[in-house]
Each structure stands twice: as C-alpha cells, then as structure tokens.
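Chemist: When you get a sec, could you give me coordinates for this:
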Amino acid sequence: MSKHTEDTNRQGRIAALVIAAAGFLAIIAPWIVAVTGLAPRFEILIYLFCLAAFIWSLVVTVRIWQKTR
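Modeler: Numbering: from 1, shown residues only. Reported below is the predicted structural model:
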C-alpha cells in the first residue's frame with residue numbers, strides 16, 4: 001500500500017470512531033445527566049460537543065473524498 005492510501009485509511013478510521021463515539025454519547029447524554037444529578041444545561045453542552053464532533057467528521061470525510069477523487 002502506498003503512503004497516501006495508508007493515511008487516507010487512517011483518517012477514515014478516526015472519523016468513523018468519532019462518529020460512533022459522538023452518536024453513543026448523544027444517546028446516553030440524558031442518562032448521564034440523570035445519574036449524576038447535573039443541571040439540564042449540561043445535557044445541552046454534551047449535545048453541543050456531539051454536534052461539533054459530527055461537523056468535524058463531516059469535514060474530514062469531505063477532505064478524504066476530495067483527496068481520493
């Protein structure tokens with residue numbers, strides 16, 4: 001495999017892990033807030049972190065797509 005392909009594969013795996021982790025965190029955010037007794041504003045903060053992760057992953061994915069065209 002060439003260096004270009006290895007880097008692209010690595011970036012794709014990282015983006016996939018970030019998407020999976022952000023999705024999982026978004027799903028369990030209400031449970032985390034309920035168990036820890038935090039204010040609801042912290043649940044919104046968790047959702048904002050997840051949104052940032054999804055946007056980052058979208059940018060990385062578009063860059064990978066452009067690089068492989």
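Chemist: how would you label residue 13: helix, strand or coil?
Modeler: Assigned by DSSP: H, G, I helix; E, B strand; the rest coil, the conformation of residue 13 is helix.
Chemist: Per-residue pLDDT of it, please?
Modeler: Per-residue pLDDT puts residue 13 at 97.
Chemist: and residue 41, how many residues sit next to it?
Modeler: 8 (other C-beta atoms under 10 Å). (Glycine included, C-beta is placed from N, CA and C.)
Chemist: So it versus residue 7, what's the distance?
Modeler: Applying C-beta to C-beta, to the nearest Å, the value for residue 41 to residue 7 is 39 Å.
Chemist: where does this structure have low pLDDT?
Modeler: 1 (pLDDT under 70).
Chemist: As a check, name the ranges of all helices in it.
Modeler: 3-36, 40-68 (DSSP state H).
Chemist: Please name the nearest non-neighbouring residue to residue 42.
Modeler: Distances taken as C-beta to C-beta, 6 or more residues apart in numbering place residue 33 nearest to residue 42, at 5.8 Å, with adjacent residues excluded.
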